[in-house]
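Participant: could you work out the structure for the sequence below:
(one chain, ligands or ions: 1)
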Amino acid sequence: MTKAVRVHKVGGPEVLTYEDVEVGAPGAGEVRIRQHAVGLNFIDVYFRTGLYKAPGLPFIAGNEAAGEVVAVGPGVTNFHPGDRVAYYFNLGGYASERVIPADKLVKLPDHITYEQGAVLMLKGLTVWYLLHKTFKVEPGHRVLIHAAAGGIGLLACQWAKALGAHVIGTVGSKAKADIALANGCDHAILYNEENFVERVKQISRGELCDVVYDGVGKTTFPGSLSCLRPRGLFVSFGNASGPVPPFALADLNTHGSLFATRPKLNDYVGTRKELLEGADTLFAAVINGKLHVPINHAYALKDVAKAHIDLESRATTGAAILRP
Ligand SMILES: NC(=O)c1ccc[n+]([C@@H]2O[C@H](COP(=O)([O-])OP(=O)(O)OC[C@H]3O[C@@H](n4cnc5c(N)ncnc54)[C@H](OP(=O)(O)O)[C@@H]3O)[C@@H](O)[C@H]2O)c1
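Facilitator: Numbering: from 1, shown residues only. Next comes the predicted model:
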């Protein structure tokens, strides 16, 4: 028996149930791992509420973690008991032990801790593909990052700055503004108090942004489109405030021949080669000091409901981990 957090019916944080579960031996191509740290993500909230559909009920929540290999199944040759590993994988993460396909794991370099690994595989890889693949951020680009003090936000601000971009962020409070500014943001806009479109126009002297990274969704749309220069790219990658409503394709024309995309991590690390390219780049950025991993909160796995309440009520900054 091991401990896990299961969802038997979708709903509020109270549906997160800490209980005993059986974990079997790994099958062909699988590995069993003992988890040392689990990452908390807004996507966990979407699965819990039913906005994103789990394959069935009950399901074990959680989408990224790090730990050590304790057993390998038939045919697994590249992982061995004792290896330090981390992963991003849809569901099954909120557990003290689990079985997972070996091809979803990456080995953690010596200098990356379990805690760092547990928040880098989903959040860090997402920032990697958003800044290097969805839009290639280069020196001189002006980028707008919504929720700049969040888990994704702080990593994105740091990495965009390191790539030479001029970084504008939006945040929900003055305290969050200070944190964003200390993490590579050049200007932090309090979007609950200020008109962020007008502030972006002022800051950029009317030139607007090359790209907008929007994980907030409903409340920042369509303002995000008005922050883009002609032919700029709108990257809608999340729905923390609710999904972006349907809109007319012609709106992209009237806002200046814009491009728009709605990407997800699975489609950028779908092959082993892509996963390893992203992880190698990410770990190197942390090891060489380009990227600091801001783990600002830790909860016991059994207290995960409190973690969800804090995340949804905008009380967290940076990344949070759960300790099994
Ligand atoms: N597409 C992908 O591949 C992918 C992968 C990973 C994550 N994501 C998305 O990235 C976004 C950030 O994820 P995260 O885990 O790092 O979360 P997070 O940014 O740490 O937390 C969400 C933040 O969104 C802001 N927010 C604005 N309106 C909100 C509202 N009505 N309710 C709650 N929060 C609100 C809050 O910051 P302020 O108080 O500063 O406004 C809050 O702290 C999410 O939308 C997530 O789905 C997408």
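Participant: excluding chain neighbours, what is closest to the residue of the stretch 201-324 of the chain found nearest the ligand?
Facilitator: Closest to the ligand within the stretch 201-324 of the chain is Gly238: 2.0 Å, counting by CB to the nearest ligand atom. Where C-beta positions appear, they are placed from N, C-alpha and C, glycine not excepted. Spatial nearest neighbour of Gly238, chain neighbours left out: Gly215 (3.3 Å); criterion: CB to CB, 6 or more residues apart in numbering.
Participant: kindly provide the distance from the one you found to Ala240.
Facilitator: 6 Å (CB to CB, to the nearest Å).
Participant: what of Met1?
Facilitator: Taken as CB to CB, the span from Met1 to Ala240 is 35 Å.
Participant: what about Val235, neighbour count?
Facilitator: Counted by other CB atoms under 10 Å, the residues lying close to Val235 total 23.
Participant: interface residues of the stretch 151-300 of the chain facing the ligand?
Facilitator: Selection of the stretch 151-300 of the chain residues close to the ligand by CB under 6 Å from any ligand atom yields 151-153, 171-172, 176, 215-216, 219, 237-241, 263-265.
Participant: circling back: please enumerate the shared neighbours of Gly215 and Ala240.
Facilitator: 42, 147, 150 (CB atoms under 8 Å, 6 or more residues apart in numbering).
Participant: the helix or strand containing Val304: which residues count as buried?
Facilitator: Following DSSP states H and E, the helix or strand that holds Val304 is helix 304-312. Neighbour-count burial for helix 304-312 flags 304-305, 307-308, 310-312 (criterion: 16 or more other CB atoms under 10 Å).
Participant: repeat for stretch 127-139
Facilitator: 127-132, 134-135, 137.
Participant: does Leu190 have beta-bridge partners, and which?
Facilitator: Val171 (DSSP bridges).
Participant: helix/strand/coil for the residue nearest the centre of the chain?
Facilitator: With distances taken as CA atoms, centre = their mean, Lys123 lies nearest the centre of the chain, 2.9 Å away. What DSSP: H, G, I helix; E, B strand; the rest coil gives for Lys123 is helix.
Participant: let me have the shared contacts of Gly215 and Ala240 in TSV, extended by neighbour count and secondary structure.
Facilitator: TSV is the format used below for the shared contacts of Gly215 and Ala240 (neighbours: other CB atoms under 10 Å; DSSP: H, G, I helix; E, B strand; the rest coil):
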residue	neighbour count	secondary structure
Phe42	20	helix
Ala147	29	coil
Gly150	30	coil
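Participant: could you pick out which of the residues you listed are near the ligand?
Facilitator: Within those, those near the ligand by CB under 6 Å from any ligand atom are 42, 147, 150.
Participant: so what pLDDT did the last one get?
Facilitator: The confidence metric pLDDT takes the value 98 at Gly150.
Participant: from Arg314, how far out is it?
Facilitator: 9 Å.
Participant: the more surrounded of Met1 and Ala240?
Facilitator: Per other CB under 10 Å, whichever of Met1 and Ala240 has more neighbours is Ala240, with 21 against 10.
Participant: residues touching the more buried one, list them.
Facilitator: 42, 147, 150, 215-217.
Participant: do Ala61 as well
Facilitator: 5-7, 16, 44, 47-48, 91, 93-94, 304.
Participant: nearest spatial neighbour of it, skipping sequence neighbours?
Facilitator: Tyr94 (4.8 Å).
Participant: for this protein, longest helix please?
Facilitator: Scanning the chain for the longest helix, with DSSP state H as the assignment, gives helix 272-287.
Participant: so who does whatever residue of the stretch 1-150 of the chain ends up closest to the ligand touch?
Facilitator: Nearest residue of the stretch 1-150 of the chain to the ligand: Gly150, at 2.1 Å (CB to the nearest ligand atom). Taking CB under 8 Å, 6+ apart, we find Gly150 in contact with 42, 215, 240, 316-318.
Participant: any idea how far Arg34 is from it?
Facilitator: Distance from Gly150 to Arg34, by CB to CB: 29 Å.
Participant: Phe42 reaches Arg314, doesn't it?
Facilitator: No. Contact criterion CB atoms under 8 Å: Phe42 and Arg314 do not qualify, at 10.7 Å.
Participant: can you confirm Val85 is in a helix?
Facilitator: No. If the criterion is three-state DSSP, then Val85 is strand and not within a helix.
Participant: does it have beta-bridge partners, and which?
Facilitator: Gly67, Lys107.
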